[in-house]
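> Please work out how this folds:
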Amino acid sequence: MVERKVILEAVNTAIESAPERNFKESVDITINLRNIDMAQPKNRIDETIALPHGIGAPNKIAVLGKGDITTLAKKAGVDIIIGPEEIERLGGEPREARKLANEYKFFLADTAVMPLVGRYLGVRLGPKGRMPTPVPPGMDIGPLVERLRNSVKIRTKDKSVFSTIIGTTEMDQEQLADNVDTILKKVESALESGEMNIRSVYVKTTMGPAVKVI
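From the prediction side, this is the model:
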């Protein structure tokens, strides 16, 4: 397990060595795995990780369905609600559906419309790892929405190198270090040999140099 002070030092260096910009940059982590066969589906990582300090702005969340779930979605303050007719319409509008898949980071759907989602939007959402989380009738989605607002999705597929955002340059460096620590612990727990399967970890700002954590 990587020591917290090592993570913080790397984050500090990444922020301080980045060229000064007049806009807010994201800060990312890149993890390189080793000694693991990513061609085997059982070795792949597919995790949604709630970060203690979020990523600098809340994720946009879409809810698909009708009836009770729309009432719950409005109460939870989701960004968009998409009914069954709209799901079907989007199936014939590939450009609009692609934009939807890019703009919204997480999708929730009433179990009743999941077949429609798979038929009409699966080709757009599936490859991005954004197929909706099914929501049983009557479930209060408020706590789930709140958690997803501050979460990142890690999906390796068959790649041994993957990256994700951990925040922005406007966030406190201690907060960024906490986020890195959370991600590393979750990734280690998902790997067969834990930290022994991690070759290297880097952090960097959008325009700055990569700084090695381990």
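
> which residues sit against stretch 178-196?
1-2, 4, 7, 11, 29, 31, 33, 35-36, 43, 45, 47, 49-53, 55, 152, 154, 164, 166-167, 197-198, 201, 203, 213 (Cβ atoms under 8 Å, 6 or more residues apart in numbering). The C-beta positions use only the backbone N, C-alpha and C, and glycine is treated the same way.

> Out of those, which sit inside strands?
29, 31, 33, 47, 49-50, 152, 154, 164, 166-167, 198, 201, 203 (DSSP state E).

> From Ile198, how far out is Thr133?
Distance of Thr133 to Ile198, computed by Cβ to Cβ, to the nearest Å: 28 Å.

> Rounded mean pLDDT for the longest helix seen in the chain, please.
Using DSSP state H, we find that the single longest helix of the chain is helix 173-190. For helix 173-190, the mean pLDDT works out to 97.

> Next: stretch 64-71.
94.

> That stretch spans what distance, first to last residue?
12 Å (Cα to Cα, to the nearest Å).

> Tell me the buried residues in that stretch?
Leu64, Gly65, Lys66, Ile69, Thr70 (16 or more other Cβ atoms under 10 Å).

> Which residue of Thr133 and Ile198 possesses the greater neighbour count?
Ile198 (21 against 14; other Cβ atoms under 10 Å).

> Which of the ones in strands among the contacts of stretch 178-196 are buried? Put it as a ChimeraX command.
In ChimeraX, this line selects whichever of those come out buried by 16+ other Cβ under 10 Å:
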select :29,31,33,49,152,154,164,166,167,198,201,203
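
> so which of the ones in strands among the contacts of stretch 178-196 comes closest to Glu103?
Closest approach between the ones in strands among the contacts of stretch 178-196 and Glu103, by Cβ to Cβ: Val152, at 16.3 Å.

> and Arg149, how many neighbours does it have?
21.

> That one: what's its closest spatial neighbour, skipping adjacent residues?
Excluding its sequence neighbours, the residue lying closest to Arg149 (Cβ to Cβ, 6 or more residues apart in numbering) is Pro58, at 4.1 Å.

> before we move on, what about Thr206?
In space, Thr206 is closest to Glu25, 4.0 Å off (Cβ to Cβ, 6+ apart).

> No more questions from me, cheers.
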